[in-house]
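J.: Need a 3D model of the sequence below.
(one chain, ligands or ions: 1)
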Amino acid sequence: MRKIGILTGGVDCPGLNSVIRAVVRKAMDEGYVVTGIKNGWNGLIENDMRVLDLRVTSGILDRGGTILGTSRIIPPLEPEKIALIKENFKRNGIDALIAVGGEDTLKIALSLYKEEGLPVVGVPKSIDNALSGTDYAFGFDTAVNIATECIDRLHTTAESHHRIMVIEVMGLHTGWIAVEAGIAGGAHYTLIPEHLVQIESVCDSIRNRHRHGKTFSIIVVSEGTQIEGYERRVGDHSLSESPRVGNVGELIANLIEEKTGYETRVSVLGHIQRGGTPTAYDRIIGTRFGFKAVELIVENKFGKMVSLHDNKIKYVDIEDAVRKRKTVDRELYETAKVFFG
Ligand code: F6P
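T.: Residues are numbered from 1 along each chain as shown. Down below sits the predicted model:
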């Protein structure tokens, strides 16, 4: 029987299990067996895998994280690791591989396809929604919903105490979570990595609200945002050798309090945005992506990433998805700005 391997790589997010479940169901319908590779690319390097069937993948649809485990590897892979991947691919009789992940995982998938000729299909996962070539990656909707709920909760306490509440959300290079959660949660200012921030402009908005009797404000900020005059080095994905970047909320809160004199607090949402149950939307696109990935394998279409365009499941070249990050849509940010100040 022909065999499909599946791995989940990079940081986790809700919806990964929906993809795994859909891949197994569809692959079995098409007459394949599925092997689940443990802990991302490490499982292929270390030959750590297990059979996935309907029993193993039953009851996982609503579970956050990934039943396969994951690991973070920044490309490029060392030649000896590539050799091990190729060896274990062959040894386990894997005919095609589905790599579920974000930018880093898909860059490795691309090089294995292009340089080594391995038959790989990608599935886009990104809570940051930063992958090009698809309207949405799964995981993002859940993150936005969690951040929105947190903003709602912080709203009421900010209002009662007449405070400025700074809410730091994830988003190292792109501000999608901040902008969408900011619009949904009624933020009075949203700061994103795509725009260098002038702190005086934020303070002016807050002062303006006070003049109109609004003695509280909600400021949403992406973790990778830069403030003019206070630029920080934003490391690549906060891996061990890079400084973590989760301090911008505190910096902004301190500056606002210092410059306006208004009492200011900061909440860093962090990994809460990546944990727990996926939304219905993420379960649905995860399931649709999983089905499509198997279809591409059946049709011998490799080096592709499944994608979403105008609510239709399509596919693009992985190369096009990872070439450039998808930054926040200008029109969307303009919508958010209407509510600033
Ligand atoms: O890329 C997804 C993401 O959640 C970013 O938004 C965040 O900066 C990073 O991963 C955090 O990574 P880690 O879980 O390794 O701290």
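J.: the helices in this protein, which residues?
T.: 16-29, 41-45, 79-91, 103-114, 140-161, 176-185, 199-211, 248-260, 280-298, 318-322, 330-337 (DSSP state H).
J.: Dump these into a markdown table; add mean pLDDT and mean neighbour count as well.
T.: The way it works is simple: take the backbone N, C-alpha and C, and place the C-beta from them, glycine included. Listed next are the helices of the chain as a markdown table, based on pLDDT from 0 to 100; neighbours: other C-beta atoms under 10 Å:
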| stretch | mean pLDDT | mean neighbour count |
| --- | --- | --- |
| helix 16-29 | 98 | 23 |
| helix 41-45 | 98 | 25 |
| helix 79-91 | 98 | 15 |
| helix 103-114 | 97 | 23 |
| helix 140-161 | 98 | 19 |
| helix 176-185 | 98 | 25 |
| helix 199-211 | 97 | 16 |
| helix 248-260 | 96 | 19 |
| helix 280-298 | 98 | 22 |
| helix 318-322 | 97 | 21 |
| helix 330-337 | 97 | 13 |
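J.: I'd like to know which of the ones you listed lies nearest to Thr57.
T.: Minimum separation from Thr57 across the helices of the chain (C-beta to C-beta) falls at helix 16-29, 4.5 Å.
J.: tell me the pLDDT at the closest residue to the ligand within the chain?
T.: Residue nearest to the ligand within the chain (C-beta to the nearest ligand atom): Met170, separated by 3.3 Å. The model reports Met170 with a pLDDT of 95.
J.: Does it touch Ala143 like I think?
T.: Yes: assessed by C-beta atoms under 8 Å, Met170 is found in contact with Ala143 at 6.7 Å.
J.: Now for those two: what residues contact both?
T.: Ile127, Ile177, Gln273, Arg274 (C-beta atoms under 8 Å, 6 or more residues apart in numbering).
J.: just curious, which of those is nearest to Met305?
T.: Ile127 (16.9 Å).
J.: tell me the phi and psi of the closest one?
T.: phi -70, psi -20 (degrees, to the nearest 10).
J.: Please give me every residue in contact with it.
T.: With C-beta under 8 Å, 6+ apart, Ile127 has these contacts: Val11, Cys13, Ala137, Gly139, Phe140, Thr142, Ala143, Met170, Ile177, Gln273, Arg274.
J.: Would you reformat those residues as JSON lines and include distance to Gly64?
T.: Shown next, in JSON lines, are the contacts of Ile127 (distance: C-beta to C-beta, whole Å):
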{"residue": "Val11", "distance to Gly64": "12"}
{"residue": "Cys13", "distance to Gly64": "8"}
{"residue": "Ala137", "distance to Gly64": "16"}
{"residue": "Gly139", "distance to Gly64": "10"}
{"residue": "Phe140", "distance to Gly64": "14"}
{"residue": "Thr142", "distance to Gly64": "8"}
{"residue": "Ala143", "distance to Gly64": "11"}
{"residue": "Met170", "distance to Gly64": "15"}
{"residue": "Ile177", "distance to Gly64": "16"}
{"residue": "Gln273", "distance to Gly64": "11"}
{"residue": "Arg274", "distance to Gly64": "8"}
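J.: Out of these, which comes closest to Asp104?
T.: Minimum distance to Asp104 across these is 9.2 Å, recorded for Val11 (C-beta to C-beta).
J.: Noted, bye for now.
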